[in-house]
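# Requesting a structural model of the entry that follows:
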Amino acid sequence: MASSKEYLNFVLERLSGLEGVSYRAMMGEYIIYYRDKIVGGIYDNRLLVKPVPSAAALMPEAHLETPYEGAKQMLMVDDLDDSEFLCRLFTEMYDELPERKVKKKAKKSPK
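Next comes the predicted model:
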(Lines give C-alpha, C1' and ligand atoms only; values in the text may rest on other atoms or scores of the structure.)
Protein backbone atom coordinates (compact mmCIF):
# COMPACT_ATOMS: atom_id res chain seq x y z
CA MET A 1 0.00 0.00 0.00
CA ALA A 2 1.42 3.38 -0.96
CA SER A 3 1.29 6.35 1.40
CA SER A 4 -1.13 9.16 0.70
CA LYS A 5 -0.15 12.74 -0.07
CA GLU A 6 -2.66 13.77 2.61
CA TYR A 7 -0.75 11.84 5.29
CA LEU A 8 2.52 13.37 4.10
CA ASN A 9 0.99 16.86 4.34
CA PHE A 10 -0.34 16.07 7.83
CA VAL A 11 3.16 15.10 9.02
CA LEU A 12 4.79 18.09 7.31
CA GLU A 13 2.26 20.40 8.95
CA ARG A 14 3.22 18.98 12.34
CA LEU A 15 6.88 19.70 11.52
CA SER A 16 6.24 23.22 10.19
CA GLY A 17 7.91 24.79 13.24
CA LEU A 18 11.21 23.29 12.15
CA GLU A 19 13.26 24.77 9.31
CA GLY A 20 15.05 22.44 6.94
CA VAL A 21 12.47 19.64 6.64
CA SER A 22 12.01 18.29 3.13
CA TYR A 23 10.92 15.09 1.43
CA ARG A 24 11.42 13.05 -1.69
CA ALA A 25 8.88 10.70 -3.23
CA MET A 26 10.19 7.19 -3.73
CA MET A 27 8.09 4.34 -5.15
CA GLY A 28 4.83 5.48 -3.57
CA GLU A 29 6.44 6.35 -0.24
CA TYR A 30 8.27 9.44 1.07
CA ILE A 31 11.80 9.86 2.43
CA ILE A 32 11.95 12.62 5.07
CA TYR A 33 15.04 14.82 5.36
CA TYR A 34 16.05 17.23 8.08
CA ARG A 35 18.81 19.66 7.10
CA ASP A 36 19.87 17.32 4.26
CA LYS A 37 20.08 14.18 6.40
CA ILE A 38 17.63 11.30 6.14
CA VAL A 39 15.62 11.12 9.37
CA GLY A 40 13.19 8.46 8.22
CA GLY A 41 10.19 8.25 6.01
CA ILE A 42 6.52 7.68 5.54
CA TYR A 43 5.75 4.07 4.67
CA ASP A 44 2.19 2.73 4.41
CA ASN A 45 0.96 5.92 6.12
CA ARG A 46 3.28 5.41 9.11
CA LEU A 47 6.03 7.82 10.17
CA LEU A 48 9.16 5.74 10.79
CA VAL A 49 12.49 7.17 11.94
CA LYS A 50 15.99 5.76 12.12
CA PRO A 51 16.58 3.92 15.41
CA VAL A 52 19.37 6.18 16.68
CA PRO A 53 19.93 6.31 20.48
CA SER A 54 18.27 9.71 20.95
CA ALA A 55 15.09 8.57 19.17
CA ALA A 56 14.96 5.40 21.26
CA ALA A 57 15.43 7.46 24.44
CA LEU A 58 12.65 9.90 23.52
CA MET A 59 10.30 7.07 22.53
CA PRO A 60 11.07 4.15 24.88
CA GLU A 61 7.76 2.46 24.04
CA ALA A 62 8.19 2.74 20.26
CA HIS A 63 7.97 -0.43 18.22
CA LEU A 64 10.48 -1.42 15.59
CA GLU A 65 8.77 -1.74 12.23
CA THR A 66 9.99 -2.78 8.80
CA PRO A 67 9.25 -0.07 6.23
CA TYR A 68 9.27 -2.56 3.33
CA GLU A 69 10.50 -6.08 2.68
CA GLY A 70 14.27 -6.36 3.02
CA ALA A 71 14.74 -2.99 4.75
CA LYS A 72 16.29 -2.32 8.14
CA GLN A 73 13.84 -1.84 10.97
CA MET A 74 12.91 1.66 12.06
CA LEU A 75 11.10 3.17 15.03
CA MET A 76 7.42 3.97 14.54
CA VAL A 77 6.36 7.41 15.75
CA ASP A 78 2.95 7.13 17.42
CA ASP A 79 2.57 10.65 18.82
CA LEU A 80 1.88 12.71 15.71
CA ASP A 81 -0.46 15.14 17.45
CA ASP A 82 2.33 16.76 19.47
CA SER A 83 4.19 18.93 16.94
CA GLU A 84 6.54 20.22 19.65
CA PHE A 85 7.61 16.63 20.37
CA LEU A 86 8.14 15.86 16.67
CA CYS A 87 10.33 18.93 16.22
CA ARG A 88 12.34 18.00 19.31
CA LEU A 89 12.70 14.42 18.05
CA PHE A 90 14.15 15.55 14.71
CA THR A 91 16.43 18.12 16.36
CA GLU A 92 17.86 15.64 18.87
CA MET A 93 18.36 12.96 16.23
CA TYR A 94 20.28 15.23 13.84
CA ASP A 95 23.82 14.79 15.21
CA GLU A 96 23.46 11.00 15.21
CA LEU A 97 22.33 10.74 11.61
CA PRO A 98 24.86 9.89 8.91
CA GLU A 99 25.80 12.54 6.38
CA ARG A 100 23.97 12.31 3.09
CA LYS A 101 25.93 10.30 0.55
CA VAL A 102 26.93 12.15 -2.57
CA LYS A 103 26.38 10.14 -5.74
CA LYS A 104 29.52 9.68 -7.77
CA LYS A 105 29.31 10.51 -11.43
CA ALA A 106 30.00 7.67 -13.81
CA LYS A 107 33.36 7.87 -15.53
CA LYS A 108 33.26 8.41 -19.25
CA SER A 109 34.99 5.76 -21.24
CA PRO A 110 37.75 6.93 -23.59
CA LYS A 111 36.89 6.94 -27.29
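# switch to C-alpha atoms for all contacts and neighbour counts from now on
Noted.
# And the helix or strand harbouring F90, what's buried?
Using DSSP states H and E, F90 sits within helix 83-93. Buried residues in helix 83-93, counted by 16 or more other Cα atoms under 10 Å: 83, 86-87, 89-90, 92-93.
# where do the helices sit along the protein?
All helices of the chain, identified by DSSP state H, fall at 5-14, 53-58, 83-93.
# got the contact list for the residue sitting nearest the centre point of the chain?
Central residue of the chain (Cα atoms, centre = their mean): G40, 1.8 Å from the mean position. With contact taken as Cα atoms under 8 Å, 6 or more residues apart in numbering, G40 is in contact with 31-33, 47-50, 74.
# between those, which is nearest Y7?
Ranked by distance to Y7 (Cα to Cα), those are led by L47 at 9.3 Å.
# For the closest one, list each beta-bridge partner.
For L47, the beta-bridge partners under DSSP bridges are I42.
# Just confirm E92 contacts S54, I think it does.
Yes: the criterion here is Cα atoms under 8 Å, and E92 meets it with S54 at 6.3 Å.
# picking that back up, and the helix holding F90, how far from the chain's centre?
Helix 83-93 has its average C-alpha position 12 Å from the chain's average C-alpha position, going by Cα atoms, centre = their mean, to the nearest Å.
# Going by distance to G70, which of the buried residues of helix 83-93 wins?
M93 (23.8 Å).
# Could you measure from the closest residue to that closest one other than its chain neighbours over to E13?
In space, M93 comes closest to S54 once its chain neighbours are excluded; the distance is 5.7 Å by Cα to Cα, 6 or more residues apart in numbering. To E13, S54 is 23 Å away according to Cα to Cα, to the nearest Å.
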